[in-house]
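>>> with the input below, show me the fold.
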Amino acid sequence: MRTTASFELFPDAPSERAMVRARWLAREGRLSEAETAYREALTTYPDLKPAWAEYFELLRVQKRAADALRLAFGARTQFGEAAFALALEGAALVELDRFREALEVLEHAVEADPDLAVVWHELGYAAYKLGDRNRALLALDRAFALEPHAATLRLRGKVLRDAGRYQAAEVAFEAAAQSAEHDEQWDEASDEIASTRRYALYAPRKPADLGPGERWFADTGAVLLTAGVGAVPATDVELVTALAELADDSRWRFGQIVAFGESAGSLWSPLAARLGVPLVTPGGLDPAAVPLVVAPQPLAGDPAWDAALAAIDAHNAGCVFVLEQAGVPPARADVIGALADGGRRRPGSPDPALALTEAQHPAARLATRRISLA
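So this is what the prediction gives:
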């Protein structure tokens, strides 16, 4: 549900004060405890619609569509055929990919209360998921006219971007950023602006027309060395060679290579020799040296790996490269050799020209990073 109330941790009304703990727990990522707190709030104040909406959104972001639908049925028991309860049900049906059923329910919600903005917002989302962009935009415009809201502007931007109208989409996301009341909302809108600018690199093609590598860059800002062309996956040696060529063409100048994994000697030593820099273990990381951190795969949860990435972020200098990563965003490195599915590397050959174009894009992950020694 589209709401900013969950950001308010010091409300005045006694009923909303009952949700303070739930909101705080949700923002801290303690979702199970937050869910319990929302249930307790609804037990005390069953008519509190913001609690229903925020609890619904908590389930929605966790992809718990069936639980969200059960909650919507509970709202119908509490509120009857009111537009708010129908909006919850329609939104849950969208998450279950039951789009036409969702539209029918949301149309009934519009009939029940044509001035409830959230109903039009969810109707626009359902139409968008069905591929009816014109109807989606009309519904979102109606929602925004009734209640200006950053979430509606962000969704409008996504609809326009999917249609290949990148400039209009960027305007919508910029409006969402300007209307943001909280840092989280501003960050989300800013990320969408950057993603839209990356998609515009491939104009006039629409997002649906792009290859997997192009979409990966547009969605994450991380450079993918391999294109989806070729019958066999690129080898480790081919990927390392492509990285060296990208570094040469981009005029990156590192002070050291920090190698993670067991293949440091056989795989990364030739790279260090070609770039003319020392090869060190994770313990030798020097953030001031503009390090190139390399690994076979992302090592999330490894303290040394997490510390290396944090050091690069803190100094805004250096680059992270992995040979492969599971093909699901977010990106765990700045440059990735190849994507993998089910533990198998996807077929594809290195495409140095495309990688160079993406690496130099002003909205790339590396755009503001220092990647050259003074």
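>>> which residue, other than its chain neighbours, is closest to the residue minimising distance to the centre of the chain?
Closest to where the C-alpha atoms of the chain average out (C-alpha atoms, centre = their mean) is residue 330, at 6.4 Å. Distances taken as C-beta to C-beta, 6 or more residues apart in numbering put residue 220 closest to residue 330, at 6.1 Å, once the chain neighbours are dropped. The C-beta positions use only the backbone N, C-alpha and C, and glycine is treated the same way.
>>> so the one you found makes contact with residue 332?
No. Under the criterion of C-beta atoms under 8 Å, residue 220 lies out of contact with residue 332, with a separation of 9.5 Å.
>>> who touches both of the two?
Common contacts of residue 220 and residue 332, defined by C-beta atoms under 8 Å, 6 or more residues apart in numbering, are absent altogether.
>>> residue 325: which element?
Following DSSP states H and E, one finds residue 325 within strand 319-326.
>>> quick one: low-confidence ranges for the protein?
For the chain, the stretches flagged by pLDDT under 70 are 1-16, 263-265, 374.
>>> can you give the domain ranges for it?
5-209, 222-359 (automatic domain parsing).
>>> now distance to residue 365 too, for those domains, in JSON lines please.
Listed next are those as JSON lines, based on distance: least, C-beta to C-beta, whole Å:
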{"stretch": "domain 5-209", "distance to residue 365": "9"}
{"stretch": "domain 222-359", "distance to residue 365": "5"}
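>>> quick one: closest of the ones you listed to residue 215.
Closest approach to residue 215 among the domains of the chain (C-beta to C-beta): domain 5-209, 6.6 Å.
>>> return the distance of that closest one from the chain's centre.
Put simply, domain 5-209 sits 16 Å off its chain's centre (C-alpha atoms, centre = their mean, to the nearest Å).
>>> mind listing what the closest residue to residue 294 other than its chain neighbours touches?
Once flanking residues are discounted, residue 294 sits nearest to residue 321: 4.9 Å by C-beta to C-beta, 6+ apart. Taking C-beta under 8 Å, 6+ apart, we find residue 321 in contact with 243, 292-295, 333-337.
>>> over to residue 339. Which of the three states is it?
Taken by DSSP: H, G, I helix; E, B strand; the rest coil, the conformation at residue 339 corresponds to strand.
>>> correct me, but residue 240 touches residue 269?
No. Look at residue 240 against residue 269 with C-beta under 8 Å: they stay out of range, at 10.3 Å.
>>> and residue 359, what does it touch?
Residue 359 makes contacts with 223, 246, 250, 335, 366, as judged by C-beta under 8 Å, 6+ apart.
>>> by neighbour count, which of the residues you listed wins?
For the contacts of residue 359, the largest neighbour count, defined by other C-beta atoms under 10 Å, is 30 neighbours, found at residue 223.
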